[in-house]
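Visitor: After the sequence you'll find the predicted model.
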Amino acid sequence: MLVVNAAVIFGVFLHKITLSPFVPYIHLLVDYHFGFTKRALIGAIVGLFDAKVPVWLVFALGGAMWLITAGLFVHLFRRTFGLDEKHWPLFVFIAGSPFFLKNFMHTLGHFDIYGCLFAIVLLLIPARSLFYVLLAALFSAVLVLIHHIHLLMYVPTIAAIVVLRYYLVLGVSRQNVAVGIMLLAAVGALFVAAQFYGTMAVPEPEFTAYLRNRMADSSRNDLLNFAYIWYQPLAKEVSDTWERLPHNLLGVPVFALLIWLHTPLWRYFRALIAALSIDAHRRIAAAAIIVISLAYLVMFAMVFDYSRWISNWAVCLFLILHAVKMLPASQDVPPISTDDRKTLMFGWIVTLIPRVGIVRPF
């Protein structure tokens, strides 16, 4: 199955590089030239190294982030569960899921993967002091500056990881709770600034002229078609989402089917939570899943990239599964068995599905 998954990922990559990266590319052009601007951090960093941005940089940068994320995830899984034979089915259901690395390859150049990458780093490093909480807040702030929707996409997962790995293990005190609340409020304030004060301050023709000047090939006017994003208010985004809702809801049965195909994984996750030795840990782990899911529900109501959202929601649960495994348990949980024919069939189907998509399924 792993060999087939690798072949599928390579095929998705070959298909991806034949497409024009309209939205990812323009994000590499936008910086802080006209003042504080939403979605401008990556473009500002790119501008430090090269005044002219080639299109291939979308795939080079996106590919590098994908490789780093995939490598760190394998390291995380090996350290948390082990890459032994009994845990291969779990590895296949996570790493081979169309929600995860395959869909990140399909969305190559989008910035969702940065949230996953930062969350994996927080699962790998020690959580022994307030520095861990500060680093998580820094990661969250960077994500909001990359794209403010990360406040709903990955910041709740990062917060849950901090609670599960730091506060539940080292305990709460007046100091660390106060620091956590202040940092959470600061990230929230940064989101408000990006969402409501980060729109472009100059007329769109002036903005697009500046972006064209940053392009390595300024004749590609089609790559600037999404410049309106930096002028679009939240109310317009919500309006567009609800206008398309009846059509986009047709994909919900497909999402439900994809989630159902991961049933062996969800059963294992539920057993891990049930096996936790402290009742409060079980309740908090369940609450974390609910909060993360509610954040994605809000995203569904605001922005219509439903395939991306459902994929990242599943990835967040995969990451929380690792955090739960790190908590003390009263008993060992049996790994996913390959003796069950239904589990084996689900594993093969998950393996063969190449991606989930961006807006509509596939």
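Guide: Everything's here; your move. Residues are numbered from 1 along each chain as shown.
Visitor: is it true that residue 180 touches residue 133?
Guide: Yes: counting by Cβ atoms under 8 Å, residue 180 touches residue 133, with 5.6 Å between them. All C-beta spots, glycine's among them, are computed from the backbone N, C-alpha and C.
Visitor: Which neighbours do those two have in common?
Guide: residue 162 (Cβ atoms under 8 Å, 6 or more residues apart in numbering).
Visitor: Mind giving me the packing neighbours of the helix or strand bottoming out on mean pLDDT in the chain?
Guide: The weakest-scoring helix or strand in the chain, judged by mean pLDDT, DSSP states H and E, is helix 234-248 (a mean of 89). Applying 3 or more Cβ pairs under 8 Å, 6 or more residues apart in numbering; DSSP states H and E, we find helix 234-248 packed against helix 279-302.
Visitor: quick one: the helix it packs on to chain centroid distance?
Guide: The chain centroid and the centroid of helix 279-302 are separated by 15 Å, computed with Cα atoms, centre = their mean, to the nearest Å.
Visitor: Any stretches of the stretch 1-150 of the chain with poor pLDDT?
Guide: Within the stretch 1-150 of the chain, not a single segment meets pLDDT under 70.
Visitor: now do the stretch 201-350 of the chain
Guide: Short version for the stretch 201-350 of the chain, where the test is pLDDT under 70: none.
Visitor: Would you map the helices across it?
Guide: With helices called from DSSP state H, counting those that start in this stretch, the stretch 201-350 of the chain shows them at 204-214, 234-248, 252-260, 263-274, 279-302, 306-325, 341-352.
Visitor: Return the set of buried residues in the shortest one.
Guide: Neighbour-count burial for helix 252-260 flags 254, 255, 258, 259 (criterion: 16 or more other Cβ atoms under 10 Å).
Visitor: Alpha carbons of that helix, in PDB - could you do that?
Guide: Extracted C-alpha coordinates of helix 252-260, given in PDB (Å, rounded to 0.1, in the frame of the first residue of the first chain):
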ATOM      1  CA  VAL A 252     -21.200  16.500   1.700                       C
ATOM      2  CA  PRO A 253     -22.200  12.800   1.000                       C
ATOM      3  CA  VAL A 254     -18.800  12.300  -0.600                       C
ATOM      4  CA  PHE A 255     -17.100  13.800   2.400                       C
ATOM      5  CA  ALA A 256     -19.100  11.600   4.700                       C
ATOM      6  CA  LEU A 257     -18.100   8.500   2.700                       C
ATOM      7  CA  LEU A 258     -14.400   9.500   2.900                       C
ATOM      8  CA  ILE A 259     -14.700   9.900   6.600                       C
ATOM      9  CA  TRP A 260     -16.500   6.600   6.900                       C
END
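Visitor: Leaving out chain neighbours, which residue sits closest to residue 336?
Guide: residue 89 (4.1 Å; Cβ to Cβ, 6 or more residues apart in numbering).
Visitor: Checking the one you found next. Helix, strand or coil?
Guide: Of the three states, residue 89 takes helix under DSSP: H, G, I helix; E, B strand; the rest coil.
Visitor: Counting neighbours, what do you get for it?
Guide: 22 (other Cβ atoms under 10 Å).
Visitor: Was I right to think it contacts residue 267?
Guide: No: the criterion here is Cβ under 8 Å, and residue 89 misses it with residue 267 at 11.7 Å.
Visitor: intersection of neighbour lists for the two?
Guide: Looking at what touches both residue 89 and residue 267 (by Cβ under 8 Å, 6+ apart), the common residues are residue 336.
Visitor: For the stretch 51-200 of the chain, which segments are assigned as strands?
Guide: Assigned by DSSP state E, counting those that start in this stretch, the stretch 51-200 of the chain shows no strands.
Visitor: mind listing the helices for it?
Guide: Under DSSP H, counting those that start in this stretch, the stretch 51-200 of the chain gives helices at 56-80, 88-95, 101-106, 112-124, 130-146, 150-153, 155-162, 168-170, 174-197.
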